[in-house]
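Peer 1: Next input, structure requested:
(2 chains)
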Amino acid sequence: MIEKLLREDMVILDLKAKDKEGVLREMISLLNLPKDKEELLLSSLMQREKLGSTGIGKGIAIPHCRSVVVDNITLIVGVSKEGVDFDALDGKPVHLLFMLVATPMDPSMQYLTALGSIARIARGLANEESIRTDFSSPKELIDYLMKFANE
Amino acid sequence: MNKEEVKKFLEELYLLQDLDLLIDQIIDPTYLQTFGFKVSEEKVEALKQKREEVAEKLRKVNPRWLQTYERLRKKYKRGIARVVDGICTNCFVHLPASMNPYEVDTLPTCPSCGIILIWMD
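Peer 2: Here you go, the predicted model:
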């Protein structure tokens, strides 16, 4: 299912924000939600971050939450060339972010399945010497990630 | 409650549901296994306390409506569902075209499954 979630219009190749909240806000903006719903979603994501950063180390973060403001399960991938301070477990800046937002309930467990697939991609990326940030197109990034998903 | 107050109540209720979903998630063993994340008991308790604060605020405004939400949570694991293209996303039944998002003194619920409904632009 991960190949269906990785969409070219849900990719930001050069995140401008430099802090956690800013970067989450920048990624949420792709969903084109009304301002008040955007704030609700941001507060759910930040609430999750307060429980422990989803910056899992090696430059990767997986912010995620369920929220009533979204229609479908959606994955947004963002690349930060300079890196973002995400309070990651290893204290290093985050360069690759996978934001997963899902509806409150999904009977087919898509949310957990997607989180599992992202975790698999992250494990593959973590084994690389360094995380790539030089993608020239969303397709190139998606192809790169799919390589790890299929391993 | 006037229409604005109903709208405000429902918006606070989304926040409560998001907190409830987060609590459900962090205590779900499958979730914990997926990531190997461990959330400390202390943080879970703090989150539950925040949830109670939001619930208390809503209880003061309309205890009956909050009770409806809590009852639905027990039944469906959520209390609110969105209306998309005139369909309740909890039971997938077409809603009567005459239903309006906010009406005076009315908690909008699905005539079929009873879940609290919200419309979003």
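Peer 1: next SSE after the lengthiest helix in chain B?
Peer 2: Secondary structure of chain B per DSSP state H: the longest helix is helix B:3-26. Going down the chain from helix B:3-26, the next helix or strand is helix B:29-35, by DSSP states H and E.
Peer 1: Let's test this: mean pLDDT of that following helix, rounded?
Peer 2: What helix B:29-35 shows for mean pLDDT is 77.
Peer 1: What helices and strands are in contact with that helix?
Peer 2: Secondary-structure packing of helix B:29-35 (3 or more CB pairs under 8 Å, 6 or more residues apart in numbering or on different chains; DSSP states H and E): helix A:110-126. C-betas here are computed from N, CA, C, even on glycine.
Peer 1: Let's see the pLDDT reported for residue 39.
Peer 2: The chain I'm using is chain A. 91.
Peer 1: Let me rephrase: I mean chain B.
Peer 2: pLDDT, read off for B:V39, is 77.
Peer 1: Buried residues in the longest helix of chain B, which are they?
Peer 2: By neighbour count with 16 or more other CB atoms under 10 Å in any protein chain shown, helix B:3-26 contains the buried residues B:6, B:9-10, B:13-23, B:25-26.
Peer 1: ditto for stretch A:55-63
Peer 2: Within stretch A:55-63, the residues scored as buried using 16+ other CB under 10 Å are A:G55, A:I56, A:K58, A:G59, A:I60, A:A61, A:I62, A:P63.
Peer 1: roughly how far is the helix or strand of chain B with the lowest mean pLDDT from the heart of the chain?
Peer 2: Among the helices and strands of chain B, helix B:29-35 carries the lowest confidence by mean pLDDT, DSSP states H and E, at a mean of 77. In terms of CA atoms, centre = their mean, to the nearest Å, the centre of helix B:29-35 is found 24 Å from the chain centre.
Peer 1: Is chain A within reach of the next helix or strand after that helix?
Peer 2: Note on helix B:29-35: by DSSP H and E, the next helix or strand toward the C-terminus is helix B:41-61. Yes - contact between helix B:41-61 and chain A is present through B:K43, B:V44, B:L47 (criterion: CB under 8 Å from any CB of the partner chain).
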